[in-house]
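A.B. asks: here is my input; please provide its structure:
(chains A and B)
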Amino acid sequence: MKANLLHLRKNSRFRLFIGIVTALFFYKIFLIKNESLVTSFIGELLILCTIITLTFYLTEIIRSRKINPLSVVLNIGILNAVLFFIITFSGDLLSGLFGNIEAKLNRPGLFFSIILFAYVLFVIVSVSYIFLSFRELFYFKQKRNVSVYFNTMVVFFVLASLTTILDSNADLSFISNTFLIVSIILVSINSIRISWIAFIIKKEKISLLILSVIISALFIVNLVNSNDANSHTKLLSAYSPALSKFLQIILIYGAVYFSVLFFTTLFHIPTAEAFDRKAQEVSSLQFFSKLITRVLDFSELGETVADLAIRICNAHSAWVIWNDGGELKTLSYKNIGYVDAELITNFFLSTKRKGDINSTVTLNLAKIENRESLNEKYNQASVSPLKTHNEIKGYLITLKKDDQIFDEEDKNALDTFADYASVAFENSRLLEESIEKERMERELDVAREIQRKILPSQNPYYKGILISSVFIPAFEVGGDYYDFFNISQNKMGFVIADVSGKGISAAFIMAEMKGVFESLSHTISSPKNILVKANHILKNSLDKKSFISAAYGVIDLDDGVLTLARAGHCPVLLIRNGNVERLRPSGIGLGLDFTANFEMQLDEIKIELNENDLLILYTDGITEAKNSEMEDFGENHFEKILIENADHDLDIISNKVIKEITLFSTNNSQHDDISLVILKWKKQFIKNESGSLPGLNKMEKKNVGI
Amino acid sequence: MSEFSTMVSDKGDVSIIYLKGYLDAHTAPALENTFASLIDKGRYSTVVNFKDLAYISSAGLGVFMAFIEKMRENKGDIKLTNMTDKVYNIFDLLGFPLLYEIFKTEDEALTKFNEIKKSEK
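C.D. replies: The predicted model follows:
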């Protein structure tokens, strides 16, 4: 839409231009004979309008292209050269065609008029284009708004041009001359504003130097030519004195501008290289700081760092070595073979300066041992430390060939760059770390989820037994497991176990264990035999380093007899009449011994429960909970709380235990899962019909943060 | 927190490993390395002195399980000595005394190794 509008506007400008040109054409052909001041003034106005509409039209075309000062200069040069040929040879050419020009001017035929008109039109186009080019150059990279300077100059150009029609009266010629002089002064002032020259690179400056000499010479030649009384001047001034003047002014502008340009460029050349490098440096650093936030891959970052290091100090090759857990690794090579890089790296590492360089240092490679084995004869290397938190994490090494050396400026640039690079490397490392951490945390989430699903979601109800259980997972998931089994009408089984190891592997073993005990509890009645069988089954899934401590018991709901076997687990505590008895039949942990010895060492005990007896099942997460002094919570502490609260509801007892552990281990993290199961033998207790328990707050397994 | 170190001293054919600090999942690899390097050297008779060990976790216990087989296959053993009550209690609960020889002092363990050697001759 916008493009279309632009196109339309361009079109309308072109049509306007064509219209004016046509008007000018007819005006000149039919009315030229009338040589009064008014008619010639109207003629000049028409030419002025032509130039104005043309400049509007051309501006659109020029602006639509990307401006490059050098190509603008080149355009001016080419147009100028064409102009030169026309001015020089037009006289001969026209004389050849029409004979005496002066005679012809007085009595022009139609054909002559057309040729003449085309000639003038060409001059108009050339002059307009050159003028516009100057305007582009003038505004290019200009720091302040300087349109007032340029516009004033243009106004004087127009005034100087238009007033030439008064020159026929010798007394009034001072008017146009005054305007001309002011114009020239303004041209000189405006020609000094060539700020764009600073922004082009050295190579371009050199070609600009040559171009400006040629172009300014061309302008001067054209200027001299158009002042001579040759046929070109005669033609043009006869046709339109104002245009002739305008052409002269533009030629003066060109001559002055390009002379100034020549000298400015000349003075810029010695500093061009430094300027180039600064610009290069700045752009590299800008590029790099963007990169820091984008490049996440460590070795990719190494490549980029080496690449940019070369650009920053005009080096030949570069590479990065990085301390990866005490070992120096090379991250990237640029423009250098592996062998050469290793030789130079080792040479640097053998020097004493290795440990304590604070900034970029240079190495004289002439001193390198077996220099002849280097594939290329490098002269000097620079080494920049890559530091984070005042610790050297790696080095950036750059090389220059032949006679080139690293000067102070190179070193400063490399220092700055190395700082950036260190930050980037550190970022990249931290990111890798956090990804690894996140992966671990996700894994732990999975493990926790498995554990949550394996443990009974709520306490079951059995005739004559009250049950309360608490489970608090550790951050790393410890592998605690407990469960209850409805073996038969009058028998319930329970198990508590702790898998060595943590995380997902422990969770998987728990899952398998649940299956094993679930099925064994229904097929084997003796706790001892169940543990022996479980040990046998688990042999395949436990590695050498893993084992499980477990205790398995069966309670006869009719007579309250407990049968218990223990495979390396914490004792089961029996609280009776304010005393604690540690039930600890002999037994080796599951997975520690797969020989017959396991069964031989495993004892099974029978105990008759009394009314209100408490059975406490727990894992070592309770007794080994630690305070900030790394002291254990301890069995005695645990048992004391149990005795003191033995008469309370089961949930109150477990709450009390957890509260005490929490208080004890404030300021210390929880290392291991905590499981606590309390069973109470209460013969009279029978679940009522609705299934709810009077006077007992159902305590579901919940996660209590410690 | 997790500070742990091992020190090995050779007495004849027997290597004595001194443990110090906290042996848990994070420090267990250090002890694993110690055992592995003894096996590399062909030294299968070892005594582990627990005198300065403050704490051992299940992961720490696992280290002994990982190497005992290899030692015994090569007519060596891992004998444990100088445990504090707390550390002994952990070993005891799991039934380790039924699997390993645990002595009060280093000398008792060394004597035991020498007796076996003599009886073999």
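A.B. asks: what are the phi and psi values at the residue nearest the centre of chain B?
C.D. replies: Note on chain B: the residue nearest the mean C-alpha position is residue B:48, at 3.1 Å, using CA atoms, centre = their mean. Phi and psi for residue B:48, reported as degrees, to the nearest 10, are phi -110, psi 120.
A.B. asks: specify the beta-bridge partners of it.
C.D. replies: Judged by DSSP bridges, the bridge partners of residue B:48 are residue B:17, residue B:80.
A.B. asks: for it, what are its contacts?
C.D. replies: B:16, B:17, B:19, B:64, B:78, B:79, B:80, B:81 (CB atoms under 8 Å, 6 or more residues apart in numbering or on different chains). Where you see a C-beta, it was placed from the backbone N, CA and C, and this is true even at glycine.
A.B. asks: my guess is the last one meets residue B:49, correct?
C.D. replies: Yes. The pair formed by residue B:81 and residue B:49 meets the contact definition of CB atoms under 8 Å, at 5.4 Å.
A.B. asks: overlap in contacts, the two.
C.D. replies: Common neighbours of residue B:81 and residue B:49 (CB under 8 Å, 6+ apart) are residue B:106.
A.B. asks: where does pLDDT dip in chain B?
C.D. replies: Counting by pLDDT under 70, chain B shows low-confidence ranges at B:1-2, B:121.
A.B. asks: okay, buried residues for stretch A:212-227 please.
C.D. replies: A:212-213, A:215-223, A:225-226 (16 or more other CB atoms under 10 Å in any protein chain shown).
A.B. asks: neighbouring contacts of it?
C.D. replies: A:73, A:76-77, A:80-81, A:83-84, A:87-88, A:232-233, A:236, A:244, A:247-248, A:251-252, A:254-255, A:257-259, A:261-262, A:265.
A.B. asks: count of neighbours near the closest residue to chain B within the stretch 551-700 of chain A?
C.D. replies: Per CB to the nearest CB, residue A:588 is where the stretch 551-700 of chain A lies closest to chain B, at 3.3 Å. By other CB atoms under 10 Å in any protein chain shown, 26 other residues sit near residue A:588.
A.B. asks: now residue A:649
C.D. replies: 17.
A.B. asks: do residue A:607 as well
C.D. replies: Applying other CB under 10 Å, I find that residue A:607 has 19 neighbouring residues.
A.B. asks: by proximity to chain B, which residue of the stretch 351-500 of chain A wins?
C.D. replies: residue A:500 (3.5 Å).
A.B. asks: does that residue touch residue A:548 like I think?
C.D. replies: Yes. Using CB under 8 Å, residue A:500 is in contact with residue A:548, at 7.0 Å.
A.B. asks: low-confidence regions, the stretch 1-150 of chain A specifically.
C.D. replies: A:1-10, A:31-35, A:66, A:99-108, A:143-144.
A.B. asks: for it, what lies in contact range of chain B?
C.D. replies: Contacts of the stretch 1-150 of chain A with chain B, taken as CB under 8 Å from any CB of the partner chain, are absent.
A.B. asks: in the stretch 1-150 of chain A, which spans are helices?
C.D. replies: Using DSSP state H, counting those that start in this stretch, the helices of the stretch 1-150 of chain A run over A:2-31, A:37-64, A:69-98, A:101-106, A:110-139, A:147-162.
A.B. asks: now tabulate the ones you listed in a markdown table and tack on mean neighbour count.
C.D. replies: As requested, these are exported to a markdown table (neighbours: other CB atoms under 10 Å in any protein chain shown):
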| stretch | mean neighbour count |
| --- | --- |
| helix A:2-31 | 13 |
| helix A:37-64 | 17 |
| helix A:69-98 | 17 |
| helix A:101-106 | 14 |
| helix A:110-139 | 18 |
| helix A:147-162 | 18 |
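A.B. asks: near chain B, which residues of the stretch 451-600 of chain A?
C.D. replies: A:498, A:500-502, A:544-547, A:549, A:567-571, A:586-589, A:592-593, A:597.
A.B. asks: among the residues you listed, which ones are buried?
C.D. replies: The buried subset of those (16+ other CB under 10 Å) comprises A:498, A:500-502, A:545-547, A:549, A:567-571, A:586-589, A:592-593.
A.B. asks: quick check: nearest residue in space to the residue of the stretch 101-250 of chain A found nearest chain B, chain neighbours excluded?
C.D. replies: Closest approach between the stretch 101-250 of chain A and chain B, counting by CB to the nearest CB: residue A:201, at 58.0 Å. Leaving aside its sequence neighbours, residue A:201 sits nearest to residue A:276 (CB to CB, 6 or more residues apart in numbering or on different chains; 5.3 Å).
A.B. asks: out of the residues of the stretch 451-600 of chain A next to chain B, list just those in helices.
C.D. replies: Counting by DSSP state H, these place residue A:597 in helices.
A.B. asks: elements contacting the strand or helix carrying residue A:331?
C.D. replies: Using DSSP states H and E, residue A:331 maps to strand A:327-334. Applying 3 or more CB pairs under 8 Å, 6 or more residues apart in numbering or on different chains; DSSP states H and E, we find strand A:327-334 packed against helix A:298-313, strand A:317-324, helix A:338-350.
A.B. asks: contacting residues for residue A:621?
C.D. replies: A:472, A:474, A:478, A:480, A:670, A:671, A:672, A:673, A:674, A:675.
A.B. asks: pull the most distant pair out of those.
C.D. replies: The largest separation in these, counting by CB to CB, is between A:671 and A:675 at 13.9 Å.
A.B. asks: give me the more crowded residue out of those two.
C.D. replies: Between residue A:671 and residue A:675, counting by other CB under 10 Å, residue A:675 is the more crowded of the two (25 against 20).
A.B. asks: which strand residues bridge that one?
C.D. replies: Bridge pairing for residue A:675 - DSSP bridges - gives residue A:471.
A.B. asks: check what pLDDT it gets.
C.D. replies: Residue A:675 is assigned a predicted lDDT (pLDDT) of 94.
A.B. asks: distance check, it against residue A:588.
C.D. replies: Residue A:675 is 21 Å from residue A:588, where distance means CB to CB, to the nearest Å.
A.B. asks: next: residue A:410.
C.D. replies: Taking CB to CB, one finds residue A:410 at 71 Å from residue A:588.
A.B. asks: kindly report the same for residue A:348.
C.D. replies: Distance from residue A:348 to residue A:588, by CB to CB: 59 Å.
A.B. asks: same check, this time on residue A:176
C.D. replies: From residue A:176 to residue A:588 the distance is 121 Å (CB to CB).
A.B. asks: ok, residue A:282 next?
C.D. replies: 73 Å.
A.B. asks: show me what residue A:328 bridges to in the sheet.
C.D. replies: Here residue A:328, judged by DSSP bridges, has bridge partners residue A:323.
A.B. asks: need the contact list for it.
C.D. replies: Contacts of residue A:328 (CB under 8 Å, 6+ apart): A:321, A:322, A:345, A:349, A:394.
A.B. asks: which outside residues touch stretch A:282-289?
C.D. replies: Under CB under 8 Å, 6+ apart, the answer for stretch A:282-289 is A:304, A:308, A:311, A:312, A:416, A:417, A:420, A:421, A:424.
A.B. asks: quick one: buried residues of it?
C.D. replies: For stretch A:282-289, by 16+ other CB under 10 Å, it's A:284, A:285, A:288.
A.B. asks: count the residues that sit near the closest residue in space to residue A:459 that isn't next to it in sequence.
C.D. replies: In this structure, residue A:459 finds its nearest non-sequential neighbour in residue A:467, 4.3 Å apart by CB to CB, 6+ apart. For residue A:467, the number of neighbouring residues by other CB under 10 Å comes to 21.
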